[in-house]
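1. here's a sequence, model it:
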Amino acid sequence: MKLTKIAAIALAAALSTTAFTTSAQVMVGGAPMVATKDIIDNAVNSKDHTTLVAAVKAAGLVETLKGPGPFTVFAPTNAAFAALPAGTVDSLLKPENKPALTKVLTYHVVSGTMDAAALTKAIMAGGGKATLKTVSGGTLTAMVSGGAVMVTDESGGTAKVTIADVMQSNGVIHVVDKVLLPK
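-> Numbers count the residues shown, from 1 in each chain. The predicted structure follows:
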């Protein structure tokens, strides 16, 4: 199904308002995100991403996400991790569950820099939906609903992009309000 001209204009308007903000410096978790720093060096400063940072460290992904990339990261907040069933995060952080933790974390990463403009183009080209291949080998589906960009995982869960286009030296972060789960 192709988007009509009116639908395309509505999509562009939705992506350019609250869901996607583009500026030289974005605040995330009370900290300025500096575009010349890498994903890890910025994430460690966000008080809203301490669980994500702890998980990345436990999975041994720090050096990868400090690497040249580029990466697009859909970064769940602490509240997103807290919304998982009780004990899930503690279980995933155990050394014996490192493979499962790595799979969940890399499911939030897409190779390349998919900023708001690129995501908009992909959604429009897909007739209202964009299928994104994750580093873990899974897929995410991006679309606009209710004026916000939503990302749906393979398990049927949907996360809302709450802060987009947090530019990094090695990619871009889009903050999301849910943890995305592979099959």
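2. tell me the secondary structure for the residue most central in space within the chain?
-> The centroid of the chain falls nearest to F74 when counting by CA atoms, centre = their mean (0.7 Å). Secondary structure for F74, judged by DSSP: H, G, I helix; E, B strand; the rest coil, is strand.
3. output the longest strand belonging to this protein.
-> With secondary structure taken from DSSP state E, the chain has its longest strand at strand 158-168.
4. and the next helix or strand after that strand, which strands flank it?
-> Next helix or strand after strand 158-168 toward the C-terminus (DSSP states H and E): strand 171-176. In the sheet, strand 171-176 lines up against strand 71-76 (parallel), strand 158-168 (antiparallel) (DSSP bridges).
5. and L140, which of those is closest to it?
-> strand 71-76 (7.3 Å; CB to CB). Where you see a C-beta, it was placed from the backbone N, CA and C, and this is true even at glycine.
6. beyond the closest one, next helix or strand please.
-> Assigned by DSSP H and E, the successor of strand 71-76 is helix 78-82.
7. just the C-alpha atoms of that following helix, please, in CSV.
-> Extracted C-alpha coordinates of helix 78-82, given in CSV (Å, rounded to 0.1, in the frame of the first residue of the first chain):
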residue,chain,number,x,y,z
ASN,A,78,15.4,2.6,33.6
ALA,A,79,11.6,2.7,33.8
ALA,A,80,11.3,0.5,30.8
PHE,A,81,13.5,-2.1,32.4
ALA,A,82,11.6,-1.8,35.7
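8. no more questions from me, cheers.
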